[in-house]
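S.K.: Only the shape, not the letters, is given here:
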């Protein structure tokens with residue numbers, strides 16, 4: 001009975017670790033978002049074919 005609990009606990013721990021490692025590995029550090037158009041609210045105009053670079057969840061560059 002004790003061995004069964006230990007195996008079940010180790011299996012659950014292994015699954016949790018695998019899920020955590022998979023989630024962190026799937027998150028990219030840099031993402032480039034491309035669009036057909038974008039509204040530049042600072043200039044009040046539409047920008048054709050913009051690209052937005054996102055690094056670590058923050059907008060780094062727009063162009």
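M.R.: Structure received. What you see is a predicted model, and the numbers here were worked out from it, not measured in a lab.

S.K.: drop to CA atoms for contacts and neighbour counts, all remaining ones
M.R.: Will do.

S.K.: Nearest residue to residue 61 in space, ignoring adjacent ones along the chain?
M.R.: Counting by C-alpha to C-alpha, 6 or more residues apart in numbering, residue 61 lies nearest to residue 53, which is 5.2 Å off, once chain neighbours are set aside.

S.K.: my read: that neighbour touches residue 35, true?
M.R.: No: if you go by C-alpha atoms under 8 Å, residue 53 and residue 35 don't touch, sitting 11.8 Å apart.

S.K.: ok, these two, which is more surrounded?
M.R.: Each of residue 53 and residue 35 has its neighbours counted (other C-alpha atoms under 10 Å); residue 53 has more, 16 against 11.

S.K.: contacting residues around the more buried one?
M.R.: 30, 31, 32, 33, 59, 60, 61, 62 (C-alpha atoms under 8 Å, 6 or more residues apart in numbering).

S.K.: now with 7 Å?
M.R.: Residue 53 makes contact with 31, 32, 33, 59, 60, 61, 62 under the criterion C-alpha atoms under 7 Å, 6 or more residues apart in numbering.

S.K.: strands paired with the strand or helix carrying the fifth one, and their directions?
M.R.: If I follow you right, that is residue 60. For residue 60, the host element (DSSP states H and E) is strand 58-62. If you go by DSSP bridges, strand 58-62 pairs up with strand 51-55 (antiparallel).
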